[in-house]
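make a model of this:
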Amino acid sequence: MVKGGYCVDNWKKLLIDECRVRGYSRKTVSSYTYFVGEFLRSGLGFKQFILRLADKGLSASTVRTAGFAIKFYFKIIGLKDISKIPNFKRDKKLPVVLSKKEIKNMIISTTNFTHRLIIKLLYSAGLRLSELINIKWKDIDFERNLIHIKSAKGRKDRVTILSPKVKKDLKVLTLSQEGIVFISNRNKKYTSTSIQKVIANASKKAGIKKKVTPHTLRHSFATHLLENGTDIRYISNLLGHVSTDTTMIYTHVSNKNLKRIKSPLDF
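Below is the predicted model of the structure:
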């Protein structure tokens, strides 16, 4: 049951339609619909609802998403005091990065050919999970060693690199596949959950104690390029970041300069 004075008729349809008009991703539409629904059902004011989410121990990033969803909804229904709603700071957490040896061990410990290729492609091209799932054969330029990522985050296309080692493995799959690159044994597209399990199982077999997700491989891609001397502007373009400010986070986890610093214990 929906409570409170913020509810309007067909609120869900209004919200979804506006999200679609703006070209928001399915993930964003789903998140916004969920949080606005929870807010309306709670019968609480905006600040009280946000505090409740924070009290539940949700991350600042999640609370921030909920806040943006409600702000967006308020704008749709023409709420006047939208400027009084505070923004939320992101968690300032450094990304988890694997060493090259750890990634190599993940690949070696994975016996399934397709699963091994998934790990290689996520790492070698710096792909997001959603990008890997939706990649098509026509998006891969085997002649120029490039991958065209279409409608990535922010609805923007970009180009990233195709490793010659990965290209060789991909050509094995092209003998039997068309359309979507990664198809399961059930002849269906891989899901986010199934890819996450592939990565989790591979890291466990490799004896890695860190929590490893598909995005960990993307973080590792960026960090290793930076450590190898690649200009941060090129890395930013490969990742599809709007600004190099976002990419700068990897300078904090790169050990390129840290290796030159001696601990006082070793003086």
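
which stretches of the stretch 101-250 of the chain form strands?
Along the stretch 101-250 of the chain, the segments classed as strands by DSSP state E, counting those that start in this stretch run 140-141, 146-149, 158-161.

how about those in CSV, adding mean pLDDT, mean neighbour count and distance to I235?
The C-beta positions use only the backbone N, C-alpha and C, and glycine is treated the same way. Formatted as CSV, these follow (pLDDT from 0 to 100; neighbours: other CB atoms under 10 Å; distance: least, CB to CB, whole Å):
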stretch, mean pLDDT, mean neighbour count, distance to I235
strand 140-141, 94, 17, 20
strand 146-149, 94, 20, 15
strand 158-161, 94, 17, 10
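
list the buried residues of stretch 110-118.
T110, T114, H115, R116, L117, I118 (16 or more other CB atoms under 10 Å).

and the contacts of that stretch?
107, 119, 132, 166, 169-170, 172-173, 182, 190, 195, 198-199, 201-202, 205 (CB atoms under 8 Å, 6 or more residues apart in numbering).

secondary structure class for L44?
Using DSSP: H, G, I helix; E, B strand; the rest coil, the structure places L44 in coil.

what's the nearest residue to it if we skip its chain neighbours?
Nearest non-adjacent residue to L44, counting by CB to CB, 6 or more residues apart in numbering: R52, 6.7 Å away.

any idea how far that neighbour is from V8?
Going from R52 to V8 by CB to CB, to the nearest Å gives 22 Å.

output the lowest mean pLDDT helix or strand found in the protein.
Lowest on mean pLDDT, DSSP states H and E among the helices and strands of the chain sits helix 244-247, with a mean of 83.

buried residues in it?
Using 16+ other CB under 10 Å as the test for burial, helix 244-247 gives T247.

other SSEs contacting it?
For helix 244-247, the elements it packs on are helix 232-239, judged by 3 or more CB pairs under 8 Å, 6 or more residues apart in numbering; DSSP states H and E.

what does the helix it packs on contact?
Counting by CB under 8 Å, 6+ apart, 126, 158, 160-161, 218, 222, 225-226, 243-244, 246-248, 250-251 sit against helix 232-239.

can we see that at 6 Å?
G126, T160, A222, L225, T244, T247 (CB atoms under 6 Å, 6 or more residues apart in numbering).

same question for stretch 66-84.
With CB under 6 Å, 6+ apart as the contact definition, stretch 66-84 has outside contacts at V8, L14, L15, E18, Y32, F35, V36, F39, L53, I85, F88.

to which secondary structure element is the closest residue to L58 other than its chain neighbours assigned?
Nearest residue to L58 in three dimensions, chain neighbours excluded: A66, at 7.9 Å (CB to CB, 6+ apart). Using DSSP states H and E, A66 sits within helix 60-76.

L122 versus the residue nearest to L44, what's the distance?
36 Å.

just R218 next, same as before
Distance of R218 to L122, computed by CB to CB: 7 Å.

which one's more surrounded, the two?
Neighbour comparison, R218 and L122: the larger count goes to L122, with 26 against 21 (by other CB atoms under 10 Å).
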